[in-house]
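Chemist: Model the following, please.
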Amino acid sequence: MNDPLIGHTLGDYLIENRIGQGGMGVVYGARQISLDRAVAIKILPAELCADREYVDRFLREARAAAQLNHPNIIQVFDAGVAENIYFIVMEFVDGRNLSQTLREHGAFAEREALHVIQQASVGLAFAHSMGIVHRDVKPENIMATRSGLVKIGDLGLAKWKPNEYEIALTATGSTMGTPFYIAPEQIRGAKDIDARADVYSLGMTLFHLLAGRPAFGEGTAAEIMACHLSLPLPSLRSLRPEISADTARLVAAMTAKDPADRIQGMDEVAENLAMMLGHSSARTPRRGLRAPAEKKRQGTDEIFSRILSTGIRGVFAGIVGLLIALAVILVWKKARPRPAPPALSPPSADLTPSSSTNAPSRASSKPKPSPPKTAVAPIPPTPKAAAPTATPPKTTP
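Modeler: Just a heads-up that it's a prediction; the model follows:
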């Protein structure tokens, strides 16, 4: 089908070819005439220009993205309207998005997926630090250059925070985001969407890269959203047993249903992924990052080692405390003064043999005075009885 915009000039930009379609419009390859450089132009479809809500959302993308100058974010150069056509001019990325790579090559190798998501998390962490929440993180919005540099694009659903940039569509509580990766709180229409929604969507993207399919990919959009709200995350290792337990835990920690149970910041995701990949400058957990408890299931070796080591340290501290207490008791028993043994009484003059005369008495600590000795007269020997004299037998006359 012929596209009337190809070969058309919009201000300083010559449109050369159609690249694809994003969440907010059609993307074209173009050349900036004044600087003779390749750029990408996103144009809001004509049928949507009459809708003020879409126009506001489209212009909001330009405001938000123009604030972000980071290697892992697609740079916005210009925005405007010409001939009643609204457009945004962005840097041209020589590469493909993750959705295209998945369609052509299937699931990613584990380390490759972690490397891609780590770069994406760094870019998103920077956006969050600028007060911008993407709210539509998905494989289509993550580009990889030929050199392997990953860039986040399509900030059309970004939430700008300060209040002057809040728009009416947020107040309506309308559902935004892609059903395969959307956070539960977005489905519920929560108004206070924050960076944790991006953590969830990036976790679902990581699941897709590793499993080769979305976590919840079957059924209508409503059915898929219901799965995000109520069904547990499918077991990643049952789909790919070679995936490490650390990576599986990370995905689970990023995709907890309750935002309070997730990893709380994208910078924490980036740091822990860097540790898993072995190229982080930090060797200990960063202070100020929330370490979820067991139900929060953080996901990486660093995160879960913190959780486990915290519990082990508590048990170990209790054991050590008990041992110290026992040692103090033993030392106290050995060091305390012992009472002096009672003095032994002098031997009794009683001549009657008795088992008690040879043992000291413990009935009293004070020895009783011995009775005065009395002289005992020796007992004279009993005279032997005289031997009877033999009487001669009488004779009968």
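Chemist: distance of the residue lying closest to K257 once chain neighbours are set aside from F216?
Modeler: Among residues not flanking K257 along the chain, P184 sits closest, at 5.3 Å (Cβ to Cβ, 6 or more residues apart in numbering). (Glycine included, C-beta is placed from N, CA and C.) Per Cβ to Cβ, to the nearest Å, P184 is found 11 Å from F216.
Chemist: Spit out the residues that contact the two alike.
Modeler: H228 (Cβ atoms under 8 Å, 6 or more residues apart in numbering).
Chemist: So for the two, which residue has more residues nearby?
Modeler: Between P184 and F216, counted using other Cβ atoms under 10 Å, the more crowded position is F216 (21 against 18).
Chemist: residue boundaries of the helices in the stretch 101-250 of the chain?
Modeler: For the stretch 101-250 of the chain, helices defined by DSSP state H, counting those that start in this stretch occupy the ranges 110-129, 168-171, 184-187, 195-211, 221-230, 236-239, 245-254.
Chemist: Can you tell me which of those helices is nearest to L102?
Modeler: Among those, the nearest to L102 by Cβ to Cβ is helix 195-211 (6.9 Å).
Chemist: Now do that closest one against helix 245-254: the angle between them, please.
Modeler: Between the axes of helix 195-211 and helix 245-254, defined by axes from the mean of the first three to the mean of the last three Cα atoms, to 10 degrees, the angle is 140 degrees.
Chemist: Give the other helices and strands that helix 195-211 contacts.
Modeler: Packing contacts for helix 195-211, counted by 3 or more Cβ pairs under 8 Å, 6 or more residues apart in numbering; DSSP states H and E, involve helix 98-105, helix 110-129, strand 132-133, helix 184-187, helix 236-239, helix 245-254, helix 266-277.
Chemist: So for it, mean pLDDT?
Modeler: Here helix 195-211 scores 97 as its mean pLDDT.
Chemist: Tell me which of the helices of the stretch 101-250 of the chain lies nearest to R57.
Modeler: helix 168-171 (6.3 Å).
Chemist: what's the least confident stretch among the helices of the stretch 101-250 of the chain?
Modeler: helix 168-171 (a mean of 37).
Chemist: and the closest residue to A248 other than its chain neighbours, how many neighbours?
Modeler: Closest residue in space to A248, ignoring its immediate chain neighbours: L236 at 4.7 Å, by Cβ to Cβ, 6+ apart. Using other Cβ under 10 Å, L236 has 22 neighbouring residues.
Chemist: L236 touches L210, doesn't it?
Modeler: Yes. The pair L236 and L210 qualifies as a contact (Cβ atoms under 8 Å) at a distance of 6.1 Å.
Chemist: overlap in contacts of these two?
Modeler: Common neighbours of L236 and L210 (Cβ under 8 Å, 6+ apart) are I243, T247, V251.
Chemist: Using neighbour counts, trim those to the buried set.
Modeler: Neighbour counting by 16 or more other Cβ atoms under 10 Å classes I243, T247, V251 among those as buried.
Chemist: Please tell me how far the second one sits from L277.
Modeler: Summarising the geometry, the distance separating T247 from L277, computed by Cβ to Cβ, is 11 Å.
Chemist: Common neighbours of the two, please.
Modeler: L114.
Chemist: circling back: let me know the closest of the buried ones among the shared contacts of L236 and L210 to F77.
Modeler: Distances from F77 to those, taken by Cβ to Cβ, are shortest for V251, at 35.2 Å.
Chemist: what residues are up against the closest one?
Modeler: V251 sits in contact with G203, L206, F207, L210, L233, L236, G299, where contact means Cβ under 8 Å, 6+ apart.
Chemist: at 10 Å instead, please
Modeler: 117, 202-207, 209-211, 215, 233, 236, 243, 297, 299-300 (Cβ atoms under 10 Å, 6 or more residues apart in numbering).
Chemist: Contacts only, for T255.
Modeler: With Cβ under 10 Å, 6+ apart, T255 has these contacts: 181, 183-184, 199-204, 206-207, 215, 228, 232-233, 261-263, 297, 299.
Chemist: What is the burial count for P232?
Modeler: As a burial measure, P232 scores 10 neighbours (other Cβ under 10 Å).
Chemist: quick one: contacts for it?
Modeler: By Cβ under 10 Å, 6+ apart, P232 lies in contact with A215, A252, T255, K257.
Chemist: wait, the second one sits on L233?
Modeler: In other words, A252. Yes. A252 lies in contact with L233 (Cβ atoms under 10 Å); the separation is 5.9 Å.
Chemist: Now the phi/psi pair for V89, please.
Modeler: phi -100, psi 130 (degrees, to the nearest 10).
Chemist: correct me, but it touches V27?
Modeler: No. Counting by Cβ under 10 Å, V27 is not a contact partner of V89; they are 11.0 Å apart.
Chemist: Are there residues contacting both of the two? Which ones?
Modeler: With Cβ under 10 Å, 6+ apart, V89 and V27 have common neighbours A40, I41, K42.
Chemist: Each with direction, which strands does the strand or helix carrying the last one pair with?
Modeler: Read it as K42. According to DSSP states H and E, K42 maps onto strand 37-43. Strand 37-43 has the following sheet partners, assigned by DSSP bridges: strand 26-32 (antiparallel), strand 85-91 (antiparallel).
Chemist: Adding mean neighbour count, distance to L68 and mean pLDDT, write those strands out as CSV.
Modeler: Shown next, in CSV, are the strands paired with strand 37-43 (neighbours: other Cβ atoms under 10 Å; distance: least, Cβ to Cβ, whole Å; pLDDT from 0 to 100):
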stretch, mean neighbour count, distance to L68, mean pLDDT
strand 26-32, 20, 18, 94
strand 85-91, 21, 11, 90
